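> Generate a structure from the sequence data that follows.
(one chain, ligands or ions: 2)
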Amino acid sequence: TFTRSVLLTLITGAVVSGCYSADQSIQPDVDTSLASTELGKPNLVIIYADDLGYGDISSYGGTGVNTPNIDALAAKGLKLTDSHASAATCTPSRYSLLTGEHGFRSDAAILPGDAPLLISPRQATLPKLLKRAGYASAVIGKWHLGLGYGDVDWNQAVKPGPLEIGFDYSFLLPATGDRVPTVFLENHHVVDLQTTDPLSVNYQENIGTLPTGISHPQLLKMKADPQHSNTIVNGVSRIGSMTGGESAYWIDEDFPDIFTAKAVDFIREHKEQPFFLFHSMHDIHVPRLPHKRFQGKSGMGPRGDAIVQLDWMTGQIVKELEKQGIAENTIVIFTSDNGPVLDDGYDDNAVEMLGNHKPSGPFRGGKYSAYEAGTRVPTIVYWPEHIQPKESDALTTQIDIYASMAELLRLDLVEDEAIDSIPQLDTWLGRSESGREFLVEESLGTISLRHGEWKYIRPALDNTLPDWSKNKDIELGVQNSEQLYKLTDDIAEQNNLANSHSDRVNNMKQKLEQIIES
Ligand code: NG6
Ligand code: CA
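Ligands and ions are numbered 1, 2, ... in the order given. Model prediction:
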């Protein structure tokens with residue numbers, strides 16, 4: 001149940017439950033009845049941007065930056081305009097994408113960089129589902145779903161992780177760019193680590209002698225807030241303390257080339273069999289440190305330049321699919337894990353250089369927020385063979401990718417598998433406009449429900465909200481009383497209709513409770 005402790009966890013991100021429920025254990029049969037279906041077995045590539053807002057790309061109204069590669073997908077594919085990440089923060093969104101379950105069912109919250117793996121190796125996952133149809137799977141880029149059993153020894157095999165929950169290959173940034181350890185993890189091992197210089201990480205206290213943002217501010221490329229002022233690597237202070245393992249430290253500016261090369265390798269090696277590539281971008285999360293060739297390319301500073309970089313990375317993947325002759329038979333889903341944020345801890349001029357660009361599009365709020373911009377994100381489905389160019393305002397959510405892929409591949413979901421995922425294949429292929437009747441949006445400190453054009457935001461169960469949300473102009477949308485908005489008349493959620501529509505409030509509240517308790 002969605003208890004007070006869960007809420008506190010969502011708010012602070014401090015408690016890590018890592019709890020696995022035993023009854024999620026499944027042993028599905030391999031489906032051998034998969035004669036070639038009408039749609040065959042397309043490859044699936046999910047390009048998952050980080051913190052990219054609804055209005056951050058040109059085809060969704062972004063004015064401060066050009067995104068020709070992403071726009072080409074939108075022009076030739078299905079452009080969804082009411083499509084949602086499952087949550088307004090990273091970890092629960094990723095959890096839902098990969099498990100088909102709401103994050104609150106496992107207390108999913110923003111995880112520290114040393115958190116245990118949040119998804120149980122016994123749990124059903126999207127890569128495991130696809131394996132039943134013969135797919136190979138890889139995750140490349142940001143993980144942020146925890147690793148090991150907590151208190152990870154980075155000098156040994158780090159597991160369980162992606163390989164234990166169904167991926168065949170992983171090349172990860174373990175948590176986020178702003179959290180230690182600042183090293184790549186390939187399958188079970190930290191890349192380029194030397195045994196003579198062991199790596200240690202600590203989120204409770206400072207360890208080692210590396211300079212920090214507090215002790216050596218003169219070493220910084222960007223000033224940071226107190227939470228981001230610990231160990232300095234590559235001129236950037238991070239959250240958490242780290243010592244040793246220096247040969248393994250990443251250079252942030254190299255991310256686009258390294259991750260692209262790994263993704264291209266995986267595509268080349270698997271072009272003969274169906275595959276799933278979860279290309280989990282670091283951009284445009286903080287710290288924003290685009291490669292030199294993208295610096296100054298947007299006129300909006302590092303945040304805009306990171307969007308240009310993200311667009312380039314997207315183009316590289318599509319080009320490679322074309323080069324290998326498999327673009328026609330590959331579903332590319334381009335979307336984001338949560339809404340936009342300007343100041344998320346580093347002084348990179350995102351606010352000052354914004355100009356008229358509107359990261360949230362016409363919507364209220366942004367990352368962390370219960371208002372629409374928290375979860376409503378650009379979502380494009382590109383599949384040349386089967387999707388006609390189209391725009392659709394069907395209500396959709398990333399949590400349904402799981403059951404929709406099962407529908408496409410004619411795989412039955414077993415009991416307890418992806419319990420919150422609803423098959424929506426026709427909608428995701430642009431063949432139907434009906435979409436979801438109800439849709440849950442998780443956010444920092446509360447939870448909301450969409451019912452068609454209506455949006456209900458549950459009141460706060462607790463008043464302990466983070467201080468940084470106030471001084472960074474982040475609107476969480478958490479209030480002590482009910483909120484109800486009618487989006488068709490009020491897209492920016494300005495007129496709270498809860499008082500004049502108490503029946504609707506009660507119905508939606510009840511429905512939300514029902515979903516939470518189910
Ligand atoms: C927050 C961090 C923020 C970012 C976020 C995770 C502070 C004050 N803020 O706790 O900088 O790292 O976690 O972002 O520490 S997410 O996209 O991965 O959810
Ligand atoms: Ca994010």
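> List the buried residues for stretch 406-425?
406-409, 411, 413, 417-425 (16 or more other Cβ atoms under 10 Å). For the C-beta atoms, the positions are set from N, CA and C on the backbone; glycine is no exception.
> ok now stretch 101-118, how far from the chain's centre?
The chain centroid and the centroid of stretch 101-118 are separated by 13 Å under Cα atoms, centre = their mean, to the nearest Å.
> Quote the end-to-end distance of that stretch.
With Cα to Cα, to the nearest Å as the measure, stretch 101-118 spans 12 Å from end to end.
> residue closest to the middle of this structure?
Asp337 (2.8 Å; Cα atoms, centre = their mean).
> Next step: the buried residues of stretch 406-425 restricted to strands.
Among the buried residues of stretch 406-425, DSSP state E puts none in strands.
> that older thread, and the residue nearest to the centre of the chain, what is it in contact with?
For Asp337, the contact set (Cβ atoms under 8 Å, 6 or more residues apart in numbering) comprises 48-51, 85, 89-90, 93-94, 377.
> Need these in CSV (columns: secondary structure and pLDDT).
What follows is those, written out as CSV (DSSP: H, G, I helix; E, B strand; the rest coil; pLDDT from 0 to 100):
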residue, secondary structure, pLDDT
Tyr48, strand, 99
Ala49, strand, 99
Asp50, coil, 98
Asp51, coil, 98
Ala85, coil, 98
Thr89, coil, 98
Cys90, helix, 97
Ser93, helix, 98
Arg94, helix, 98
Val377, coil, 98
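> among those residues, which are within reach of ligand 1?
50-51, 89-90 (Cβ under 6 Å from any ligand atom).
> Among the residues you listed, which pair sits farthest apart?
Greatest spatial distance in the ones next to ligand 1 among the contacts of Asp337: Asp50 and Thr89, 10.7 Å, computed using Cβ to Cβ.
> Between those two, which has more neighbouring residues?
Counted by other Cβ atoms under 10 Å, Asp50 and Thr89 do not tie: Thr89 has more neighbours, with 28 against 25.
> isn't the more buried one right up against Gly366?
No: using Cβ atoms under 8 Å, Thr89 makes no contact with Gly366, being 11.2 Å away.
> For the chain, give me the ranges with low pLDDT.
Applying pLDDT under 70 to the chain flags residues 1-37.
> so where do the helices sit in it?
4-12, 68-76, 90-99, 126-131, 255-269, 302-323, 401-409, 425-428, 468-471, 502-517 (DSSP state H).
> Comparing these, which comes out most buried?
helix 90-99 (a mean of 29; mean count of other Cβ atoms under 10 Å).
> That one packs against which elements?
strand 43-49, helix 126-131, helix 401-409 (3 or more Cβ pairs under 8 Å, 6 or more residues apart in numbering; DSSP states H and E).
> Would you convert those into a markdown table that also reports distance to Asp192?
A markdown table is the format used below for the helices and strands packed on helix 90-99 (distance: least, Cβ to Cβ, whole Å):
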| stretch | distance to Asp192 |
| --- | --- |
| strand 43-49 | 25 |
| helix 126-131 | 26 |
| helix 401-409 | 34 |
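> Any idea which of those gets closest to ligand 2?
Ligand 2 sits nearest to strand 43-49 of all these, at 8.5 Å, using Cβ to the ion.
> In JSON lines: the helices and strands packed on helix 90-99, plus distance to ligand 2.
Output for the helices and strands packed on helix 90-99, formatted as JSON lines (distance: least, Cβ to the ion, whole Å):
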{"stretch": "strand 43-49", "distance to ligand 2": "8"}
{"stretch": "helix 126-131", "distance to ligand 2": "19"}
{"stretch": "helix 401-409", "distance to ligand 2": "17"}
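> Ala370 is nearest to which of those?
With Cβ to Cβ as the criterion, Ala370 lies closest to strand 43-49 of the helices and strands packed on helix 90-99, at 21.1 Å.
> Now do the buried residues in that closest one.
Neighbour counts over strand 43-49 (16+ other Cβ under 10 Å) mark 43-49 as buried.
> and what of stretch 327-337?
327, 329-337.
> how about these, which pair is most distant?
Asn329 and Asp337 (26.3 Å).
> For ligand 1, see how far away the nearest residue to Val308 once chain neighbours are set aside is.
Of all residues not flanking Val308 in the chain, Lys297 sits nearest, at 4.6 Å (Cβ to Cβ, 6 or more residues apart in numbering). Here the distance between Lys297 and ligand 1 works out to 23 Å (Cβ to the nearest ligand atom, to the nearest Å).
> OK, contacts around Lys297?
Counted by Cβ under 8 Å, 6+ apart, Lys297 has contacts 304-305, 308.
> so what's the closest residue to ligand 2 within the chain up against?
Nearest residue of the chain to ligand 2: Cys90, at 3.6 Å (Cβ to the ion). By Cβ under 8 Å, 6+ apart, Cys90 lies in contact with 50-51, 110, 142, 144, 176, 285, 337-338.
> next one: Thr396
Applying Cβ under 8 Å, 6+ apart, we find Thr396 in contact with 80, 82-84, 379, 424, 427-428, 435-436, 439.
> quick one: which of those residues is nearest ligand 1?
His84 (15.3 Å; Cβ to the nearest ligand atom).
> Tell me how far whatever residue of the stretch 1-150 of the chain ends up closest to ligand 1 lies from His282.
Taking Cβ to the nearest ligand atom, ligand 1 has its nearest neighbour within the stretch 1-150 of the chain at Cys90, 3.0 Å off. Per Cβ to Cβ, to the nearest Å, Cys90 is found 11 Å from His282.
> and for the two, which residues touch both?
With Cβ under 8 Å, 6+ apart, Cys90 and His282 have common neighbours 50, 142, 176.
> okay but Glu186 is in contact with Leu173, surely?
No: taking Cβ under 8 Å as the definition, Glu186 is not a contact partner of Leu173, at 11.2 Å.
> So if I had to pick from the two, which one is more boxed in?
For Glu186 versus Leu173, the count of surrounding residues by other Cβ under 10 Å is larger for Leu173: 26 against 14.
> got the residues of the stretch 251-400 of the chain near ligand 1?
Counting by Cβ under 6 Å from any ligand atom, the stretch 251-400 of the chain sits next to ligand 1 at 285-286, 338, 344-345.
> Among the residues you listed, list the two that are farthest apart in space.
Largest pairwise distance in those, by Cβ to Cβ, is 15.2 Å, between Asn338 and Gly345.
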